[in-house]
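*Asks:* next comes the sequence, and after it the predicted model I'd like to discuss.
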Amino acid sequence: MPTDLPNLLTLSRIAAIPLLVALVALRHPWADVAACAVFSAAAITDYFDGKIARERQMVSGFGRMLDPIADKLLVGAALMLLAGMERLSAAALYPAIVILLREILVSGLREYLAGLKVSLPVTRLAKWKTGFQMGALGTLLAGDTAAAALGLPFLPVSFIGEAMLWIAAVLTLITGWDYLQAGLRHAGHDTGKPGTRSHPAVRP
């Protein structure tokens, strides 16, 4: 049910996005601290909603559908905020693009494989990717201004965040390739069963 605790935690990630946008838009050091806190709290719910659902046997179709959507909305919003507010260096735009494109790729693969009744399991390396990715985005949302507000002007927060973003991008390429290969293997066995599409779509 949508009101189960795991689903409420998942929904909270989506609800956090408008608050995150508003805080970053303020362009104030303490707002950046708060944005980092909001994003970090939202990212942590990604771990607990799945853990609680498994432990309490509350896994549902609604939760399986909503969880990856909430993750991608949160990550996409954070990346666009950082780029739009010029919080990323020119070099850091490249890993940001890689991460965003990989999210779109995996979403498309999951949608296609769902039609074949095939699930796309999350690998251990993908979990590491998520950890670095969420850590990088939270750090970049804080930025050097937040470090100064906390009395740590010597801490290169933005540099650390961008370094983590590059690591996440490398892991993103590796896991994205693994997922693409898995999708292509199943696509090779698609023979036009009901619910599948084995020919190009005809667009008006």
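*Replies:* That came in fine, so what should we check first?

*Asks:* going by C-alpha atoms from here, please, whenever you check contacts or count neighbours.
*Replies:* Fine.

*Asks:* tell me which helix or strand in this structure has the weakest average pLDDT.
*Replies:* Every helix and strand of the chain was ranked by mean pLDDT, DSSP states H and E. The lowest is helix 93-115, at a mean of 85.

*Asks:* what's the angle between the longest helix along the chain and helix 93-115?
*Replies:* Longest helix in the chain, counting residues (DSSP state H): helix 157-187. Orientation note: helix 157-187 sits at an angle of 30 degrees relative to helix 93-115 (axes from the mean of the first three to the mean of the last three CA atoms, to 10 degrees).

*Asks:* circling back: tell me which residues in the least confident helix or strand of the chain are buried?
*Replies:* Neighbour-count burial for helix 93-115, counted by 16 or more other CA atoms under 10 Å, picks out 93, 95-96, 98-100, 102-103, 106, 109-110, 112-113.

*Asks:* ditto for stretch 162-175
*Replies:* Buried, per 16+ other CA under 10 Å, within stretch 162-175: 162-173, 175.

*Asks:* tell me the contacts of residue 149?
*Replies:* Residues near residue 149 by CA atoms under 8 Å, 6 or more residues apart in numbering: 29-30.

*Asks:* tell me the spacing between it and residue 85.
*Replies:* 19 Å (CA to CA, to the nearest Å).

*Asks:* can I get stretch 19-30 in CSV, CA atoms only?
*Replies:* Only the C-alpha atoms of stretch 19-30 are listed here, as CSV (Å, rounded to 0.1, in the frame of the first residue of the first chain):
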residue,chain,number,x,y,z
LEU,A,19,12.6,21.9,-0.7
LEU,A,20,16.0,21.1,-2.1
VAL,A,21,15.4,23.4,-5.1
ALA,A,22,14.3,26.3,-2.9
LEU,A,23,17.3,26.0,-0.6
VAL,A,24,19.8,25.9,-3.4
ALA,A,25,18.0,28.9,-5.1
LEU,A,26,18.6,31.0,-2.0
ARG,A,27,22.4,31.0,-2.7
HIS,A,28,23.2,31.4,1.0
PRO,A,29,25.9,29.5,2.9
TRP,A,30,23.5,28.2,5.5
